[in-house]
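S.K.: Got a predicted structure plus its sequence, pasted below:
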Amino acid sequence: MVVAFRKAPEERVTEINPKRPDIYGDAHPKELLNCINEDHDILKVLANQHILSASQFDRQTLLQLFRLAAKFEANPHRFVSRPLEGKILISAFYEPSTRTRLSFESAWHRLGGDIMSITDRSTLGIAKGESLADVGEMFNNYGDCVVLRDTNEGSVDDMVGSLTIPIINAGNGMDEHPTQAMSDVYTIMKWRPSLTDPGSAAPIRVGIIGVPGRMRTVRSLLTTMSRFPYAFEEVVVVHDGAHDPVFSDGQREALEEAGLNVRVSQALEAELPGFDVTYINAIAWVKDDFEVMGRTFRLDDTSPLKPDSIILHPLARGDELSPGLDDTPHNWYFAQARGAVFVRMALLTCMVQRTNLVMDVL
Ligand code: CP
């Protein structure tokens, strides 16, 4: 059978469009790099640490990771020394992922390491009843670092006790996605590098359309933002009232105690003109499937966005974020996804003790 092209050959796009934004080039990472002084001692603490939660990171560690990420992003051809040569990553993703798995694997490849990738838990002994603790024991023999995404909140904890190599939580059910949050705040800092400095930051207003108690991306993002309370004049959580309570037990109190000024609203259109950054997400992983939240909310090119404001979205997107915004200056969500590669390069380099190969000052 001959399958016809849906478009006539002359209508098909065959050329790369060089005018498409290159996700904002290297000027932003260069400016961010210049705003943060290097401190190797802070990054050395990450060697052989498990990364389970955004709550593990303090402000100075995040800033040093952002600096190293910006260095990688601003100098893509510089690190030909292959700092992760001889190291093996075990990439275990038991839930669908486009960005997290591929960006971790891209990060590891770019640094010269090797990868074993598992995308289906039924191909492991887990399908025969093997415990995650035993699988972790085996991982110790095969690799130098594990990245795990699992639908089950408890999986990462089940494995951690038997691991002698570091593990990164790459999303565990509704609980946490710490490296996504790092990438989100890295994007905000690249967009406004002055926010790195409590002395000169002009605080911004951030709208978060989502449900912090049920969305791992939003939970980890708010925790990471709370390390920079001076940078955020106000954080407005916008929800449609369908999920009550919006916060999990003690979550809002912890954020406020850390210094974040949090408000809750259901009036998206009225709030949008006041946001410098609008973050939107509509998906939460619940057991083995995803749930769409905030169905009434949608951003498109008619939304009353503040003229110089940006939009972030962890992606994958659905109807809540119109492709009509992709070619506008509000689109920083593609830069956010791109930047995640460099943030993960920075973190991985630290975790497997190879920072001495990428530091300028030692
Ligand atoms: N942001 C994010 O976690 O995307 P993936 O589900 O594609 O990894």
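M.R.: Thanks, I have it.
S.K.: What parts of this protein come near the ligand?
M.R.: Proximity of the chain to the ligand (Cβ under 6 Å from any ligand atom) is limited to residues 97-100, 171, 177, 180, 314-316. The way it works is simple: take the backbone N, C-alpha and C, and place the C-beta from them, glycine included.
S.K.: you'd agree residue 224 is up against residue 186?
M.R.: No. Counting by Cβ atoms under 8 Å, residue 224 stays clear of residue 186, with 9.5 Å between them.
S.K.: The two: who's more crowded?
M.R.: residue 186 (27 against 23; other Cβ atoms under 10 Å).
S.K.: Now the element after whichever strand or helix holds the more buried one, going C-ward?
M.R.: Taking DSSP states H and E as the criterion, residue 186 maps to helix 178-191. Scanning forward in sequence from helix 178-191 by DSSP H and E, the next helix or strand is strand 204-209.
S.K.: How about the contacts made by the closest residue to residue 36 other than its chain neighbours?
M.R.: Nearest in space to residue 36, with sequence neighbours left out and distances taken as Cβ to Cβ, 6 or more residues apart in numbering, is residue 67 at 4.1 Å. Contacts for residue 67 (Cβ atoms under 8 Å, 6 or more residues apart in numbering) come out as 32-33, 36, 38.
S.K.: pLDDT score assigned to residue 67?
M.R.: We have a pLDDT of 96 for residue 67.
S.K.: Look at the residue nearest the centre of the chain and report its pLDDT.
M.R.: Of all residues in the chain, the one closest to the mean position by Cα atoms, centre = their mean is residue 180, 1.6 Å from it. Predicted confidence (pLDDT) for residue 180: 98.
S.K.: for residue 243, same thing?
M.R.: So, for residue 243, pLDDT stands at 83.
S.K.: That one against residue 212, yeah?
M.R.: No. Using Cβ under 8 Å as the test, residue 243 is too far from residue 212 to be in contact (10.0 Å).
S.K.: partners of the helix-or-strand element of the chain with minimal mean pLDDT in the sheet?
M.R.: Sorting the helices and strands of the chain by mean pLDDT, DSSP states H and E puts strand 283-286 at the bottom, at a mean of 74. Here strand 283-286 is paired, per DSSP bridges, with strand 289-292 (antiparallel).
S.K.: tell me which residues of the partner strand are tucked away?
M.R.: residue 290 (16 or more other Cβ atoms under 10 Å).
S.K.: how about the helices in the stretch 51-200 of the chain?
M.R.: Per DSSP state H, counting those that start in this stretch, the stretch 51-200 of the chain carries helices over the ranges 59-74, 99-110, 132-142, 155-160, 178-191.
S.K.: What segments of the stretch 251-362 of the chain are strands?
M.R.: 262-265, 277-280, 283-286, 289-292, 310-312 (DSSP state E, counting those that start in this stretch).
S.K.: Export these as TSV, with columns for distance to residue 42.
M.R.: Listed next are the strands of the stretch 251-362 of the chain as TSV, based on distance: least, Cβ to Cβ, whole Å:
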stretch	distance to residue 42
strand 262-265	28
strand 277-280	26
strand 283-286	32
strand 289-292	36
strand 310-312	26
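S.K.: In terms of mean pLDDT, which of the ones you listed ranks lowest?
M.R.: For the strands of the stretch 251-362 of the chain, where the average pLDDT is lowest is strand 283-286, sitting at a mean of 74.
S.K.: who's in contact with it?
M.R.: 95, 151, 171, 173-174, 211, 214-216, 290-293, 316, 318.
S.K.: How far does stretch 93-104 sit from its chain's centre?
M.R.: Here stretch 93-104 is found 11 Å from its chain centre; the criterion is Cα atoms, centre = their mean, to the nearest Å.
S.K.: Give me the buried stretch members for that stretch, please.
M.R.: Neighbour count says stretch 93-104 has 93-95, 97, 99-104 buried, by 16+ other Cβ under 10 Å.
S.K.: Same check on stretch 347-358?
M.R.: In stretch 347-358, counting by 16+ other Cβ under 10 Å, buried: 347-352, 354-355, 358.
S.K.: ditto for stretch 62-82
M.R.: For stretch 62-82, by 16+ other Cβ under 10 Å, it's 62-74, 79.
S.K.: now the residue of the stretch 151-300 of the chain found nearest the ligand: how far from residue 212?
M.R.: The nearest approach of the stretch 151-300 of the chain to the ligand comes at residue 180, 5.1 Å away (Cβ to the nearest ligand atom). The gap separating residue 180 from residue 212 is 14 Å, by Cβ to Cβ, to the nearest Å.
S.K.: next one: residue 110
M.R.: For residue 110, the distance to residue 212 - Cβ to Cβ - is 33 Å.
S.K.: Neighbour count: residue 243 and residue 212, which is higher?
M.R.: residue 212 (27 against 17).
S.K.: got the contact list for the more buried one?
M.R.: Per Cβ under 8 Å, 6+ apart, neighbours of residue 212: 218-219, 222, 237, 246-248, 251-252.
S.K.: now residue 208
M.R.: Per Cβ under 8 Å, 6+ apart, neighbours of residue 208: 218, 221-222, 235-238, 279.
S.K.: repeat for residue 329
M.R.: By Cβ under 8 Å, 6+ apart, the neighbours of residue 329 are 308, 310.
S.K.: now swap in residue 243 and tell me
M.R.: Contacts of residue 243 (Cβ under 8 Å, 6+ apart): 211, 213-214, 293.
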